[in-house]
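A.B. asks: here is my input; please provide its structure:
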Amino acid sequence: MTVHIIQNRQEYREARQTLLDLVRRDPMLGTPEDDQLLALAIGVERYEVQYVLDLPAGSRLTMVAKHGWNADGSHRFLLPAWERRRLRFALGLHTPLTQDDRQVLQQVVPVIEDAGEPYAVRIADVPEPLREELREWWRMWCLPLFDPDGCGDCIYVWDWSDWLDRRVPDLP
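C.D. replies: I've put the predicted structure just below:
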């Protein structure tokens, strides 16, 4: 895989459009198209980190602020399926949660209890890219956030279940 260094805004726009087209086609892992997708994503992200961060509010960024760096300065990638999901989300393309995604989230995201009953989920405990999807969902429905112990924003466990199952929340 060869990462092309993007030199200017025109190359950036072209690379971003090609990246968007590739993500929509969803190439199989390990194919030359998949390698091209990953190389473009890295090139676009590098350009954005270097030149696009100072855009005015409301400007659309593709990748910026991927969490996790290895000691050598390279990115620590997510599982391939979640890395693609993060990329699709960054490009404005939404993908429903699979049953496997839901099972993994139920295993890795702790539920806070109150008096022995499930009560809340801390948003910071949700792995990226799904954390940003969850934030967008609760913003869309104007759901309450709270910080019961001073350790970060939480949502109610029933809102968490609604999001996992893609149900419309039960609003008053």
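A.B. asks: pretty sure M28 contacts D34?
C.D. replies: Yes: in this structure, M28 sits in contact with D34. The criterion is Cβ atoms under 8 Å, and the distance is 6.4 Å. Just so you know, the C-beta spots here come from the backbone N, C-alpha and C atoms, and that holds for glycine as well.
A.B. asks: what about those two, which has more around it?
C.D. replies: A count of neighbours by other Cβ atoms under 10 Å puts D34 above the other of M28 and D34, at 17 against 8.
A.B. asks: who touches the lengthiest strand in the chain?
C.D. replies: Of all the segments assigned as strand in the chain under DSSP state E, the longest by residue count is strand 117-122. By Cβ atoms under 8 Å, 6 or more residues apart in numbering, the surrounding residues in contact with strand 117-122 are 109-114, 146, 148, 151-157, 160.
A.B. asks: show me how far it is from its chain's centre.
C.D. replies: Here strand 117-122 shows a centroid-to-chain-centroid distance of 22 Å under the convention Cα atoms, centre = their mean, to the nearest Å.
A.B. asks: C-terminal to it, what's the next element?
C.D. replies: helix 130-141 (DSSP states H and E).
A.B. asks: and that next one, what does it pack against?
C.D. replies: Under the contact definition 3 or more Cβ pairs under 8 Å, 6 or more residues apart in numbering; DSSP states H and E, helix 130-141 sits against helix 80-90, helix 157-164.
A.B. asks: and the particular helix or strand that has E11 in it, what's buried?
C.D. replies: Using DSSP H and E, the secondary-structure element containing E11 is helix 9-25. If you call a residue buried by 16 or more other Cβ atoms under 10 Å, then helix 9-25 has these buried ones: Y12, A15, R16, L19, L20, L22, V23.
A.B. asks: chain center to that helix, what's the gap?
C.D. replies: Using Cα atoms, centre = their mean, the mean C-alpha position of helix 9-25 is found 18 Å from that of the whole chain.
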